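Participant: I'd like to go over a predicted model; first the sequence, then the structure.
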Amino acid sequence: MFGKQASNRDIITFHVGNFGCKVGFSMWRLFCKEHGVQLDGTIDPNFKNEEFTTRRSLYHEYSDGTWIPKTLFIDQNLGMMDELQTGNLRQLFDANQFYSPNLSQKGIYASVKYSTEFVAVNTETLSRMRMMYEQSNAPTSSLLFRSTSGGTCALTTNMLQYSSESALTNAVITLDPSHSMANRIIGPYNHVLCTAESFDHSDVIIPLQNCALYKIMRKFNDRGSEVTFSQLNDLIAYTISHLTPDRYIPNENTIPMSLEEICTNGVCFPKLKFLVPRTGRTHTFCSNDWTRCDRIGELLVTNLGAGSAMTANVDLGVHITLCLAFRGSGLNVSSAISHTENFRNKIMKNKKFISWMPYFTKVGLIPFSVDVPKDFKWKFATNSFVGFDNTTGMHESIKLALNDFSGMFVSKSFLHLYTQESMDHNEFEQAYDLLLDIANYYEKLPDLQESPTN
């Protein structure tokens, strides 16, 4: 299918379900812009940042000179597959990168996991993953996009297990059901079961919620204009693109921050794998601001505070660790470090950090800006920063999800939809207990005078 090409680090992406495929559509439009690949797979002759890009980390190269993303789209909805294969990215992908399994359309976790078709579908999914890995010289990490409120998420546990067994670093970008709004009443069941079952196979989990995304996008939009799902997908794609600054050629103006480093520096304890992405409107600033440490420090404090999280109900927590990804022209390594030091000092004064964590920030830098793709529904800033925050506020978000789950479970509402598929009550209880233990662990950290021993 593809010819092998030399690459120091390969990142492979998997887009599962409606959410994963929609975000993937936005993400690859942006990656193409970042790495000078046109939508037909050819190199853009006007690309200005050729000296920085290592596009082989994200793309395979055909013998005819075209470039194909290292990715796989999976959705049981044939309409979604048709949309991807007939849209403006149709020439970018190979037909084998789309898989539409024959699974239950009920949207129930158990109806997928315990279906008669699951074994065959799982085997085919892992076979396609294996092919992706074998065609990469140095696969080191994977990004998996999924929603935990639908039934298709049942496929992702074995996918993550296979990746972890292949010694890959797994980052899971997951759209969780919001406490105040959800597209499925049974979303709390699916969410808790899926998150708990795949937890041990994930190195880092990046949670997103629609209600938080809507609040952020309302600030971005002009007054009175409606927020669209296309805008939310573009916002997510832009934010997640900051996870891959090491996919560029390092030089004296670059600070690499790979997924492996994010897992090392962001996940300080095995149970605390949730990194909340943060962004804000005033992260848009001109190139002159790069040289003003006090200005950037103020912006960092403002935009990584209340209202900036893409996960709901986490603002009352304090920082445990924080990964900052800078992007823009005119910024050098020394100024990025100075901005971070200034930001750390301001946060320490506000006591918004864990006192026994002496160095809680990791910095990444991409020293050039990226133009907005013409069909993007959200016009992002060319000079910007994004934070990935391990915060004690996750205990509140997890417990709200568990309250929704337990209310339904105790009353046994909708439970028959799962038990009739041969799902046992113990699976519900074990999933609940695991997430409750994680929430309690997050909650107790601010009260400790020293680091916990386990």
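Facilitator: Arrived safely, thanks for sending. Every value quoted in this text rests on a predicted model; they were computed, and no experiment measured them.

Participant: thought Glu50 was touching His35?
Facilitator: No. If you go by C-beta atoms under 8 Å, Glu50 and His35 don't touch, sitting 9.4 Å apart. Quick note: C-beta positions are derived from backbone N, CA and C, even for glycine.

Participant: higher neighbour count, those two?
Facilitator: Taking other C-beta atoms under 10 Å, Glu50 and His35 do not tie; His35 has more neighbours (25 against 12).

Participant: what's near enough to touch that one?
Facilitator: Thr53, Arg55, Leu58, Tyr59, Arg247 (C-beta atoms under 8 Å, 6 or more residues apart in numbering).

Participant: buried subset of those residues?
Facilitator: Thr53, Arg55, Leu58, Tyr59, Arg247 (16 or more other C-beta atoms under 10 Å).

Participant: From the residues you listed, which one has the minimum pLDDT?
Facilitator: Lowest pLDDT among the buried ones among the contacts of His35: Arg247, with 56.

Participant: The closest residue to Leu243 other than its chain neighbours and Pro188, how far apart?
Facilitator: Spatial nearest neighbour of Leu243, chain neighbours left out: Leu259 (6.2 Å); criterion: C-beta to C-beta, 6 or more residues apart in numbering. In this structure, Leu259 and Pro188 are 29 Å apart, going by C-beta to C-beta, to the nearest Å.

Participant: How about Phe388?
Facilitator: Taking C-beta to C-beta, one finds Phe388 at 25 Å from Pro188.

Participant: wait, what's in contact with Met159?
Facilitator: By C-beta under 8 Å, 6+ apart, the neighbours of Met159 are Phe14, Val16, Thr125, Leu126, Met129, Leu144.

Participant: What segments of the stretch 301-450 of the chain are strands?
Facilitator: Secondary structure of the stretch 301-450 of the chain by DSSP state E, counting those that start in this stretch: the strands cover 319-327, 361-366, 384-391.

Participant: can you pull the alpha-carbon coordinates of the last one into CSV?
Facilitator: Translated: strand 384-391. The C-alpha trace of strand 384-391 is given here as CSV (Å, rounded to 0.1, in the frame of the first residue of the first chain):
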residue,chain,number,x,y,z
SER,A,384,-1.1,31.6,20.4
PHE,A,385,-0.7,29.2,23.2
VAL,A,386,-2.7,26.3,24.6
GLY,A,387,-2.5,24.6,28.0
PHE,A,388,-3.0,21.0,29.0
ASP,A,389,-3.8,21.0,32.7
ASN,A,390,-3.7,18.2,35.2
THR,A,391,-6.0,19.8,37.7
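
Participant: surely Leu243 meets Ala171?
Facilitator: Yes. With contact defined as C-beta under 8 Å, Leu243 reaches Ala171; the gap is 6.8 Å.

Participant: Inside strands: which ones of the buried ones among the contacts of His35?
Facilitator: Tyr59 (DSSP state E).

Participant: any idea which of the buried ones among the contacts of His35 is closest to Thr152?
Facilitator: Nearest to Thr152 among those: Leu58, at 24.2 Å, using C-beta to C-beta.

Participant: ChimeraX command to pick out the buried ones of the contacts of Met159?
Facilitator: Remark: buried members of these, expressed as a ChimeraX selection using 16+ other C-beta under 10 Å:
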select :14,16,125,126,129,144
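
Participant: Select from the contacts of Met159 every entry located in strands.
Facilitator: Using DSSP E, those in strands are Phe14, Val16, Leu144.

Participant: Kindly indicate which of these lies nearest Cys263.
Facilitator: Nearest member of the ones in strands among the contacts of Met159 to Cys263, counting by C-beta to C-beta, is Leu144, at 14.1 Å.

Participant: which residue is nearest the centroid of this protein?
Facilitator: Residue closest to the mean C-alpha point of the chain, counted by C-alpha atoms, centre = their mean, is Ile173 at 3.1 Å.

Participant: Tell me the spacing between it and Arg278.
Facilitator: In this view, Ile173 and Arg278 are 14 Å apart by C-beta to C-beta.

Participant: Repeat that for Val318.
Facilitator: 14 Å.

Participant: which residues touch Leu89?
Facilitator: By C-beta under 8 Å, 6+ apart, the neighbours of Leu89 are Phe25, Trp28, Arg29, Leu39.

Participant: Would you confirm that the second one contacts Pro69?
Facilitator: Yes. Using C-beta under 8 Å, Trp28 makes contact with Pro69 at a distance of 5.6 Å.

Participant: which residues touch the residue nearest to the centre of the chain?
Facilitator: So Ile173 contacts Val23, Leu143, Leu144, Phe145, Arg146, Ile206, Leu208, Ile236, Ile240 (C-beta under 8 Å, 6+ apart).
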